[in-house]
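Undergrad: next come a sequence and a model predicted from it.
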Amino acid sequence: MSLLRPFARSLALSPALHLRPFPTSAHVRFAATAPMRGTPVHMNILDPWLPAPISNPFSAEGRSALWQRTKRMLTYGMTLYQLRKRKLTLKQFKQDAEVLYCGLNDALARGDKEQLEKVATVSMCGILNPEIKRIRKIGYGVWQHHGPVSTTVLNLVTAQVQNDPAAIGFGEEREFYIVQITTKVVSKQSYALFAKDGTLLGGDASKEVDMVEHVVFERKLSASDAGWKIAGKIASTVASKDAKDAK
């Protein structure tokens, strides 16, 4: 049985209980200590691109896919430069990503809003808060990962943001960068949902399920840098196939 939203398929616990997956993107702005202006950010995911398999590089579709990959290689290099300037490495990021990924799923399963705010962006917390309330009303969940969590970096994006003048007085720079890293996360998970009295409502804490998800992590490169946080998930038509191949 799969985990709750956001990083899993829909979870049908019983004919009367169905937990819906959260939207993979939402029209929200990034939160700041004061309203931001300048280049608008309308989505909590800057670039929802995923590398598509290329069967024939000489076809029109293949050439287009190659061109998209080439463009991303340029932004990848620019973003990597911004990270290295601040002595941030992808090796350390992957370690942080595993902790955040497990922390988010655990917090969501238990309905722990305080823990959720430590691992997810303000925008993502806003999307997931209704699910937190739903879990608390029903009871509680138990989520676990089994074995290692594999994280592969697929895309790096940087966006320059201009702060509102009022925020500068609170120690913010006039301009700063937001970095997002799209990853492919492969893991084995289990999930069970219980009522407040401990009655099992659905799922199986002992049943391992192969999961493949594309998760986006975000970091604000400014004086108020709070480290990496989860910004969202990108839906993929090949995710279900990847999950089968992982078995």
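TA: Sure thing, it's come through.

Undergrad: let's verify Asn155: helix, strand, or coil?
TA: strand (DSSP: H, G, I helix; E, B strand; the rest coil).

Undergrad: quick check: which element contains the closest residue to it other than its chain neighbours?
TA: Spatial nearest neighbour of Asn155, excluding adjacent residues (C-beta to C-beta, 6 or more residues apart in numbering): Thr182 at 4.0 Å. (C-beta placed from N, C-alpha, C; glycine too.) Following DSSP states H and E, one finds Thr182 within strand 175-195.

Undergrad: so what does that strand touch, helix or strand wise?
TA: On a contact count with 3 or more C-beta pairs under 8 Å, 6 or more residues apart in numbering; DSSP states H and E, strand 175-195 meets helix 60-85, helix 90-110, helix 122-138, strand 139-145, strand 150-162, strand 200-221, helix 239-246.

Undergrad: and it with strand 150-162, angle?
TA: With axes from the mean of the first three to the mean of the last three C-alpha atoms, to 10 degrees applied, the angle from strand 175-195 to strand 150-162 works out at 130 degrees.

Undergrad: sheet partners, orientation included, of strand 175-195?
TA: strand 139-145 (antiparallel), strand 150-162 (antiparallel), strand 200-221 (antiparallel) (DSSP bridges).

Undergrad: got the ones you listed as TSV, with mean neighbour count columns?
TA: Shown next, in TSV, are those (neighbours: other C-beta atoms under 10 Å):
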stretch	mean neighbour count
strand 139-145	19
strand 150-162	17
strand 200-221	19
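
Undergrad: of all those strands, which lies closest to Glu131?
TA: Taking C-beta to C-beta, strand 139-145 is the member of those nearest to Glu131, at 10.4 Å.

Undergrad: list the contacts of that closest one.
TA: Strand 139-145 has contacts (C-beta atoms under 8 Å, 6 or more residues apart in numbering) with 3-4, 102, 105-106, 108-111, 135, 187-197, 199, 201, 203, 205.

Undergrad: let's see it at 6 Å
TA: 3, 102, 105-106, 109-110, 187, 189-196, 205 (C-beta atoms under 6 Å, 6 or more residues apart in numbering).

Undergrad: can you pick out the most distant pair from the residues you listed?
TA: That would be Ser187 and Lys196, which, of the contacts of strand 139-145, are the farthest apart (C-beta to C-beta) at 28.4 Å.

Undergrad: so the residue of the chain most remote from its centre: helix, strand or coil?
TA: For the chain, the largest distance from the centre (C-alpha atoms, centre = their mean) belongs to Phe58, which lies 33.7 Å off. Classification of Phe58 by three-state DSSP places it in coil.

Undergrad: could you do Asp47 as well?
TA: Under three-state DSSP, Asp47 comes out as coil.

Undergrad: what residues are up against it?
TA: Taking C-beta under 6 Å, 6+ apart, one finds Val157 in contact with Asp47.
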